[in-house]
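Undergrad: only geometry, no sequence info:
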């Protein structure tokens, strides 16, 4: 398995446990706790032909929000499947994320099994060929 996943979440415990669970499944994992840093990482990966295959994205981040990251990626035509993992979302943001075509939305806490199962499904279905859907 060579799929590369970016975890973007300001909760260190979540990043650590998600990274550990995904690495056990054979995925390559990078992580950050900052929205602007995540956007820069994605741009750099694209520039160097080492694109991320999936982003696990929290909405409430330092510097820029998860939804702003999605909008910026769409503006520069970078296509990366994205799963939202958040502690809470307003109904307005929830609807906007669905309209933007996010793959899935999970609410914290999420079990290791649910996370790894959904990630595996994404790659089995070839979702990396779609923009957020």
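TA: Yep, that arrived. This is a predicted model, so every value here is computed, not measured.
Undergrad: Surely residue 60 touches residue 90?
TA: No: using CB atoms under 8 Å, residue 60 makes no contact with residue 90, being 11.1 Å away. Every residue, glycine included, has its C-beta placed from N, CA and C.
Undergrad: ok, those two, which is more surrounded?
TA: Under the criterion of other CB atoms under 10 Å, the comparison of residue 60 against residue 90 puts residue 60 first, with 16 against 9.
Undergrad: how much space is there between the more buried one and residue 67?
TA: Here the criterion is CB to CB, to the nearest Å. By it, residue 60 lies 10 Å from residue 67.
Undergrad: in the chain, which helix or strand is least confident?
TA: For the chain, counting by mean pLDDT, DSSP states H and E, helix 91-100 ranks last in confidence among helices and strands (a mean of 83).
Undergrad: What lies in contact with whichever helix or strand comes after that one?
TA: Where DSSP states H and E defines the elements, the next helix or strand beyond helix 91-100 is strand 104-107. With contacts defined as CB atoms under 8 Å, 6 or more residues apart in numbering, strand 104-107 is touched by 83-89, 94, 97-98, 114-115, 118.
Undergrad: list the buried ones in strand 104-107?
TA: For strand 104-107, a neighbour-count test (16 or more other CB atoms under 10 Å) marks 104, 105 as buried.
Undergrad: same question for it, mean pLDDT?
TA: Averaging pLDDT along strand 104-107 gives 87.
Undergrad: Give me the buried entries from the contacts of strand 104-107.
TA: 83, 84, 85, 86, 89, 94, 97, 115, 118.
Undergrad: How far does stretch 32-52 sit from its chain's centre?
TA: Taking CA atoms, centre = their mean, to the nearest Å, one finds stretch 32-52 lying 11 Å from the centre of the chain it belongs to.
Undergrad: Leaving out chain neighbours, which residue sits closest to residue 52?
TA: Excluding the flanking residues, the one nearest residue 52 by CB to CB, 6 or more residues apart in numbering is residue 6, at 4.5 Å.
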